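1. just a sequence and a predicted model for now, questions to come.
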There are 4 protein chains.
Amino acid sequence: MSVSRTVELEGHIIDSGVMGRCMGIVMDMDGWFDVEEFDVGTRKHEESYARMRVSAEEEETLHEILHQLNQTGATLEDPIDAGIEPAPADRVVPAGFYSTTNHPTEIRYEGKWIEVERIEMDCAVVVDPEGGDHDGPRAYTKVLNAIEKGDLVVTGNTGIRVHPPERPRDAGGAFGFMQGGVSSERPATTQIENVANAIAETKDRGGNVMVVAGPAVIHSGARNDLARLVGEGYVDAISAGNGFAVHDLERDLYGTSLGMDVETLEHPRKGHKHHIYTISEIIRSGGISEAVAEGKIDSGIMYECVENDVPFVLAGSIRDDGPLPDTITDSIAAQNAIREQAHDADLVLMLATLLHSVAVGNCLPSTTRVVCVDINPATVTQLQDRGSAQTVGMVTDIGTFVPLLADALLDGSE
Amino acid sequence: MSVSRTVELEGHIIDSGVMGRCMGIVMDMDGWFDVEEFDVGTRKHEESYARMRVSAEEEETLHEILHQLNQTGATLEDPIDAGIEPAPADRVVPAGFYSTTNHPTEIRYEGKWIEVERIEMDCAVVVDPEGGDHDGPRAYTKVLNAIEKGDLVVTGNTGIRVHPPERPRDAGGAFGFMQGGVSSERPATTQIENVANAIAETKDRGGNVMVVAGPAVIHSGARNDLARLVGEGYVDAISAGNGFAVHDLERDLYGTSLGMDVETLEHPRKGHKHHIYTISEIIRSGGISEAVAEGKIDSGIMYECVENDVPFVLAGSIRDDGPLPDTITDSIAAQNAIREQAHDADLVLMLATLLHSVAVGNCLPSTTRVVCVDINPATVTQLQDRGSAQTVGMVTDIGTFVPLLADALLDGSE
Amino acid sequence: MSVSRTVELEGHIIDSGVMGRCMGIVMDMDGWFDVEEFDVGTRKHEESYARMRVSAEEEETLHEILHQLNQTGATLEDPIDAGIEPAPADRVVPAGFYSTTNHPTEIRYEGKWIEVERIEMDCAVVVDPEGGDHDGPRAYTKVLNAIEKGDLVVTGNTGIRVHPPERPRDAGGAFGFMQGGVSSERPATTQIENVANAIAETKDRGGNVMVVAGPAVIHSGARNDLARLVGEGYVDAISAGNGFAVHDLERDLYGTSLGMDVETLEHPRKGHKHHIYTISEIIRSGGISEAVAEGKIDSGIMYECVENDVPFVLAGSIRDDGPLPDTITDSIAAQNAIREQAHDADLVLMLATLLHSVAVGNCLPSTTRVVCVDINPATVTQLQDRGSAQTVGMVTDIGTFVPLLADALLDGSE
Amino acid sequence: MSVSRTVELEGHIIDSGVMGRCMGIVMDMDGWFDVEEFDVGTRKHEESYARMRVSAEEEETLHEILHQLNQTGATLEDPIDAGIEPAPADRVVPAGFYSTTNHPTEIRYEGKWIEVERIEMDCAVVVDPEGGDHDGPRAYTKVLNAIEKGDLVVTGNTGIRVHPPERPRDAGGAFGFMQGGVSSERPATTQIENVANAIAETKDRGGNVMVVAGPAVIHSGARNDLARLVGEGYVDAISAGNGFAVHDLERDLYGTSLGMDVETLEHPRKGHKHHIYTISEIIRSGGISEAVAEGKIDSGIMYECVENDVPFVLAGSIRDDGPLPDTITDSIAAQNAIREQAHDADLVLMLATLLHSVAVGNCLPSTTRVVCVDINPATVTQLQDRGSAQTVGMVTDIGTFVPLLADALLDGSE
């Protein structure tokens, strides 16, 4: 009369709330369960194990429940291979394709679990049975618009294993302060010191630090300190928009205040003119690096990027003036450029930009460390709420944050 | 020892603050002035006239002052022609080109004042001496990236006349409520009635109503009422993003709540999946109108647009999923499409979107009526603060605003 | 070498997260546990039972852990009586006194569990061994400044049982929409209908509806609709400040717009004068009810309160003008008056005021239903985050919310 | 058929906008005017003079217009004495009493202009014909609830002269940065340096610096730096609430983080308990200075206040726990205490509190310098918008602002 399957849960499933969520899913979706085994890690850092028999009235309901449990970290005791179907046309996925989360994921192919490479959310999973230079089959994500006819796309919910973050308590290390949402209880200057430590630690072990920055970084007076951090090698990639670069270059060319005020958004008498003139000057040179080579630009963040070979992506938007020749105006091309940066990053600093931070966040696996700083709490909340155990938010003024961060990293004190 | 020129001011220059601003400009920029004639309109609706001799120590200072006065509405008593130079290359403007405001502007060419067509801010002005089908020379705006080698571009500050809005008091008519920033003192339901009257009046005289809308319109439950307004002919164009259309279509296809909550930004259990499946379904059909033609989509805002031949522009962004085949992914192409919509509009409703509202606002002359509605006061402030006497802001919930507006327009009550 | 005690958990401990929280507490505080029995409710509405042996290295650590578990809903298997000590002086509690939560609480006195009456957070618990008219001993809360010398105050952590809300899924009834944080996913008009149903249901079963309101209710144009709700018997008590009453009365006396704008906070030309004149007029009459009796005031919220014997508390604040004779200027006296209202309320509507909502919320047990409405999400978040399963928040415009609510309740539609 | 009077305007009436406002008032209120003389200051720092004949159809309209012109800075060419009537009873002003602005004000009494002492907004003006120790008559403000039977209260609009701030351009000095709303265009660290300079300059000339502070100062980690500033003599008075003092003392007593988080508003495990225990400990001692004397409290802001004889006012509120014995629970008594502080202040720093800042701001003349710092732009806007040319706002994080300010003042660098 009813159908059932057995699922297993392993890890810090109690204090991460995973077990509670799994039981809730079963009950919410009109199923029920029996806990067949429950082995609780009773001290910090000990893992737990649970095995539950999950039941429902109908096969389809059970199927739905199992899919949700999979997404939450449960695995079937007796798995079968993932379904695979070829894409019928370019950009067209097979019906019922599996849409990814941003958590580490494996799929079962020919009886073996293989890791999905370049995991990010809202993608299809494509299997390459040959695996290129690999010894065996590979699986990797593709966004919908990159699907090519014949791609072997994973469908359905079976044979897929997802590993959401476990949020163990006080994990230690420089990123320990980021666990458990506690960061916002700490005083601002302490938090900044923690971020400095996380950056220093990342660089010490050869990691990659990516900065995502909005125009407010320039408007609030943080430009020179961010430029110092680029110059001193603390930044490996910058992701921003046309406006960010324009304001930075305007400071260099016209030595004036910005064209638009970040708080009142008033146009001071001459800033406006400088802004459009700056764009025109860079177009005349042919691009930012050309303007640096000509000696037209000799300070600032973009200057330091060019001088220190720090790659930058300037993504276009419909509200851009100009844009600069360096700006990638096609959103798909820009997304792909951002995706490359994001996949290389070990630590991402998101500074006062919602649009670009969301775009970068969309490409990040939940295992990448992210520090998100904005004066608007709604922005921080939106960016933190992406299922990553590795994201810490700070509600503070970017105009004081970056100078204090630079002091902490460069002057050895704070 | 000093140089001087005479400028004139005409219109509601006292209560609009134009005269005060002009005098302030002269003094701020280290000039001085003599009021040679001052004829004050002493009752409402009467215009004033002032003639001032403006002086400065140096020619260059005087030049700068006169430029600022020009931008503020003053005109030289004895004008000379605007400077004109050919563009040296595609996308490259001559040095010292004139960058536009969004106010009605004339340039003096061969002794005659000609109106600059399609005025919008941050553009170059190009003169066409032949004027195409026109009887005489024409002038029109071009954004920097549209400049072609050889375009005759206006340079310098002479021979240019700008007419900022005058903000006369209680101008009357349906948009009277919008004058003088008083709207926010009025109760919400009264304000909504005023907006309904402004829309009805615009339609009555054959005007064009453009709606700029963000995804929150769908999330907050206003979808069906906006669809009704489209269906009943109150909307002549929609400007939105990929996400707006996806959420609207998702409601139709899956009958469910959205993939992301607009306030808490939580992902409900299944919404996420539906969102990416919706995109996949529309890609499979080849586009929105194809999906409507197939009968796959049979309700909602996009459906009503297709059924009623209401043109829509979906502009792409780096944070898009998919995107839909209808989404214009190149930001320059999308800006151009938005520009066409904006120049046709007589009344623009901006509903709960900052990015798209800024993009549309960038293309609007200061004479177009704009109603901007958002629950975030910062968004309303930013959009209002663009030098337009014709913009009114409302800080309210889009989820109650649209239903009450639809009731007021369609049910003749509320 | 180590010490241990056994605790029990009962109810919806899985999906409410109580069990996870309890296990987390033990581990966080450097203890460990063994699950001795675990009986899981496997379907919705079934309760669970768990028994754990909790251990720590030191007696004091165990003590601390047990206290936290108590506060979270666990109970000791083999309880002993609560500690009791007399207060040494007026307003002085014994050292180590027990400070309450806002959850239903029992204390063990002479071997029996007795319910703590008038539970609210941050109070001391006083035991009355005789219990007045009661047949036996009573226990009730007292705020610190109400403690009298000799009061028998509960100290320590033993013999105390706390019952935090369990948040079972889809509990049904008119308040079902409030469970699980789902309310904000629902469209605005649907949410308003749900609130109307909750009010109607509360009144149907003879319940008490309390309204806490800020001046924005008047400024945004919701005054007449709230007055209608008072007049029609939907409101049993109003808690507000001096400013709320003044603005309501000003509308009646001067028929004008308010003295200060709720969004721009600009002072319109005459509103300011009317505001202080209104206060002066009410002082002249001797109070609000006297002004109503004189016929000086004949409309509005305060008028309807007087005419319909709806009690109101106007609490003073340091930013008040006047104040009105009805305003309680002593904050302790005002808190006591609010406390009486709060303890009688079955449903509390908090409308656009942070200060008064926090004050009322401080006096409410976690079992009272609360609907909190504000256009500022930070206000709603702050008020929701008080450990009550019965609080629902809506981020919307009070100026459209109250009219739509009144329509739904009074016109039987919307 | 019509009535008219002549008014005069003097000072920086052009660039302060006063003349434009006055002309607008006449036209808005259905009057008209003739400019009889207009003598414009044509360079910076030169004053202007205008004489206008103002007319209206009816005597009453003219009267109203003249009153508004008076409030805006115009004076009648041929003034008559102010009206004066005795108060009929305690707390009852004569009908038609004059309600003050916060601008410097004179009244005409027996043919002479006398300055109104202790000017603040929303007060009555009382005349003392003898003037106490004075050589002649005096006039001063009284709030409504302080009026005593027989007080000679100014009524009507004649014989009153108001001097709104003139906002001359770039006034120079340490507060020059505050003019013209330009401050928010400047980078954060530059702004902080400017504030430090303004404080240093105020202290150098023997001025009084008052700090108004909210609990977020403690929560955000700025406590020790504010304590340093008090200890080093940079603060002459503190105005705060019960919660501010409790959190400061809790840090001292329990060395822990606060009971409630300022951003997430989460209750950490133990903070809550510490908060109420702190109150209980101070009550036990009898007050803050007693607790300091006992050696119970030996660090923090309140400690430094006691040790350095810096007077503080803790004003009660209905949301207080406890309160502390030092907290003034009556709002009228607290207002009076705040009023004394406010009238002595030469520079007021408002740090992260809306309630207390509004209360202090209500008591300040428009000539007192105010720096208002908050992370919420709405708070800064509300406090700036009080008609004072001397208020500057900064939208920044108090947790970085205070440390950087202390560094700038105490370490001579930043």
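-> Right, received. Where do you want to start?
2. from chain D, how far out is the closest residue to chain B within the stretch 101-250 of chain A?
-> Nearest residue of the stretch 101-250 of chain A to chain B, counting by CB to the nearest CB: A:Asp122, 5.1 Å away. For every residue, glycine as well, the C-beta is placed using N, CA and C. Separation of A:Asp122 from chain D (CB to the nearest CB, to the nearest Å) stands at 28 Å.
3. likewise A:Thr101?
-> In this view, A:Thr101 and chain D are 25 Å apart by CB to the nearest CB.
4. wait, that residue touches A:Met121, no?
-> Yes: contact criterion CB atoms under 8 Å: A:Thr101 and A:Met121 qualify, at 5.7 Å.
5. and for the residue of the stretch 101-250 of chain A closest to chain B, the neighbour number?
-> By other CB atoms under 10 Å in any protein chain shown, 20 other residues sit near A:Asp122.
6. so it touches A:Thr100, yeah?
-> Yes: at 6.6 Å, A:Asp122 counts as touching A:Thr100 under the criterion of CB under 8 Å.
7. please name the residues that touch A:His163.
-> By CB atoms under 8 Å, 6 or more residues apart in numbering or on different chains, the residues touching A:His163 are A:Gly73, A:His103, A:Pro104, A:Thr105, A:Glu106.
8. again, only this time at 6 Å
-> A:His103, A:Pro104 (CB atoms under 6 Å, 6 or more residues apart in numbering or on different chains).
9. how about A:Gly241?
-> With CB under 6 Å, 6+ apart as the criterion, the residues that contact A:Gly241 are A:Ala315, A:Ser317, A:His356.
10. quickly list what it is bridged to.
-> A:Ala315 (DSSP bridges).
11. check the stretch 51-200 of chain A for the residue nearest chain B and tell me.
-> Closest point on the stretch 51-200 of chain A to chain B, by CB to the nearest CB, is A:Ser99, at 4.6 Å.
12. how does chain A divide into domains?
-> Chain A breaks down by automatic domain parsing into domains covering A:1-77, A:79-169, A:181-413.
13. okay if I get the ones you listed as TSV plus mean pLDDT?
-> Listed next are the domains of chain A as TSV, based on pLDDT from 0 to 100:
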stretch	mean pLDDT
domain A:1-77	85
domain A:79-169	90
domain A:181-413	88
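14. quick one, which of these is packed in tightest?
-> domain A:181-413 (a mean of 21; mean count of other CB atoms under 10 Å in any protein chain shown).
15. now find how far off-centre it is within its chain.
-> 15 Å (CA atoms, centre = their mean, to the nearest Å).
16. joint contacts of A:Thr101 and A:Met121?
-> Counting by CB under 6 Å, 6+ apart, nothing touches both A:Thr101 and A:Met121.
17. for chain A, which segments count as helices?
-> With helices called from DSSP state H, chain A shows them at A:18-28, A:59-72, A:188-204, A:216-219, A:223-231, A:242-254, A:271-285, A:288-293, A:301-307, A:331-344, A:354-363, A:377-384, A:398-410.
18. against chain D, how distant is A:Asn336?
-> A:Asn336 is 35 Å from chain D, by CB to the nearest CB.
19. my bad, A:Val162
-> Relative to chain D, and taking CB to the nearest CB, A:Val162 is found at 27 Å.
20. from memory that residue sits against A:Gln71, does it?
-> Yes: contact criterion CB atoms under 6 Å: A:Val162 and A:Gln71 qualify, at 5.3 Å.
21. dump the residue contacts of the residue in the stretch 301-414 of chain A that chain D sits nearest to.
-> Nearest residue of the stretch 301-414 of chain A to chain D: A:Gly399, at 3.0 Å (CB to the nearest CB). Each residue near A:Gly399 by CB under 6 Å, 6+ apart is listed here: A:Ser220, A:Gly221, A:Ala222, D:Pro187, D:Ala188.
22. mind putting these into TSV with distance to B:Ser366?
-> Converted to TSV, the contacts of A:Gly399 look like this (distance: CB to CB, whole Å):
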residue	distance to B:Ser366
A:Ser220	29
A:Gly221	31
A:Ala222	33
D:Pro187	30
D:Ala188	32
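23. adding distance to chain B, write those out as JSON lines.
-> What follows is the contacts of A:Gly399, written out as JSON lines (distance: CB to the nearest CB, whole Å):
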{"residue": "A:Ser220", "distance to chain B": "15"}
{"residue": "A:Gly221", "distance to chain B": "20"}
{"residue": "A:Ala222", "distance to chain B": "20"}
{"residue": "D:Pro187", "distance to chain B": "20"}
{"residue": "D:Ala188", "distance to chain B": "18"}
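24. ok, those residues vs D:Glu117, which is closest?
-> Taking CB to CB as the measure, D:Glu117 lies nearest D:Ala188 of the contacts of A:Gly399, at 38.6 Å.
25. could you find the closest non-adjacent residue to the closest one?
-> A:Gly399 (3.0 Å; CB to CB, 6 or more residues apart in numbering or on different chains).
26. what do you get for A:Ile398?
-> Using CB to CB, 6+ apart, the nearest residue to A:Ile398 is A:Ala352, at 4.4 Å.
27. also A:Arg339?
-> A:Cys363 (4.6 Å).
28. repeat for A:Asp320
-> Spatial nearest neighbour of A:Asp320, chain neighbours left out: A:Asn242 (4.1 Å); criterion: CB to CB, 6+ apart.
29. thank you, goodbye.
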